[in-house]
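Enquirer: A structural model of the following input is requested.
(one chain, ligands or ions: 1)
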Amino acid sequence: MLEIKALTCIKQDRCLFESLNFSLLSGQIMQIEGPNGAGKTSLLRIIAGFSQPDEGSVLFNKKNINEDYDGFAQSLLFIGHKTGVNQQLTAYENVMHWLTVHGYKSAQTEIYDLLGKLGLVGLEDVPVRTLSAGQQRRVALVRLWLNDAKLWILDEPFTALDKKGVAMLQAQFQLHLDNGGAILLTTHQDLTNSFSSLQTLVLEYRH
Ligand SMILES: Nc1ncnc2c1ncn2[C@@H]1O[C@H](COP(=O)(O)OP(=O)(O)OP(=O)(O)O)[C@@H](O)[C@H]1O
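Expert: Here you go, the predicted model:
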């Protein structure tokens, strides 16, 4: 599904990574690990096409993502470290907004059921800014239950989640992988025993 070819990224005169190669197949999950500042987020943003590498290319289904970026974007769900949730809107309004922008449709009852399932019962209609960090993360992650993108790129999705939240998210990951999806993520969570298809890429901090 995804091929990373000879990627190099330089930031502030520091080479974060050089000639990086790897691939990710349907059904596979890859965890990018490394110390703060190693370049994990920079790598995810390049693969998502939000920024350009200094060298190298990103291929999705054997095609350079720059050739048909709109096509690639339809197959991609990116959730960044900053959740992208509008603080002024309610959880329900955030989900509705996201669905509208991406052309998805979902019944009101379905969204309320889903928010309830994600532990937000009674909090669906209050501004997100009044929710806890973990609850806000749950609002951001609702998107994983409402999309048909094949490739998920997630920057620290487990941040602020409690144990139940982590377990629920891992179960959703497994469902996505079983349905032929692929996941690329950064996390400090140990996933070794959670996914049989787990691959790990360690980025060292380069001086
Ligand atoms: N837009 C930018 N302009 C200049 N330098 C940047 C930019 N974005 C990131 N950097 C630098 O690149 C380096 C890697 O940052 P990045 O966010 O990719 O690291 P990370 O591995 O995700 O770190 P963390 O674990 O702390 O989230 C840092 O030294 C950072 O200062």
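Enquirer: So residue 170, which state does it fall into?
Expert: helix (DSSP: H, G, I helix; E, B strand; the rest coil).
Enquirer: That one: neighbouring residues, count only.
Expert: Residues near residue 170, counting by other C-beta atoms under 10 Å, number 16. For every residue, glycine as well, the C-beta is placed using N, CA and C.
Enquirer: quick one: contacts for the residue nearest the centre of the chain?
Expert: The structure's the chain has its C-alpha centroid closest to residue 154; by C-alpha atoms, centre = their mean the separation is 1.9 Å. Residue 154 makes contact with 78-79, 183-186, according to C-beta atoms under 8 Å, 6 or more residues apart in numbering.
Enquirer: what do you get if the cut-off is 10 Å, keeping everything else the same?
Expert: If a contact means C-beta atoms under 10 Å, 6 or more residues apart in numbering, then residue 154 has 44, 77-81, 140-141, 144, 169, 173, 183-187 as its contacts.
Enquirer: Over to residue 11?
Expert: Contacts of residue 11 (C-beta under 10 Å, 6+ apart): 37, 39, 42, 51, 54.
Enquirer: Now with 7 Å, please.
Expert: residue 42 (C-beta atoms under 7 Å, 6 or more residues apart in numbering).
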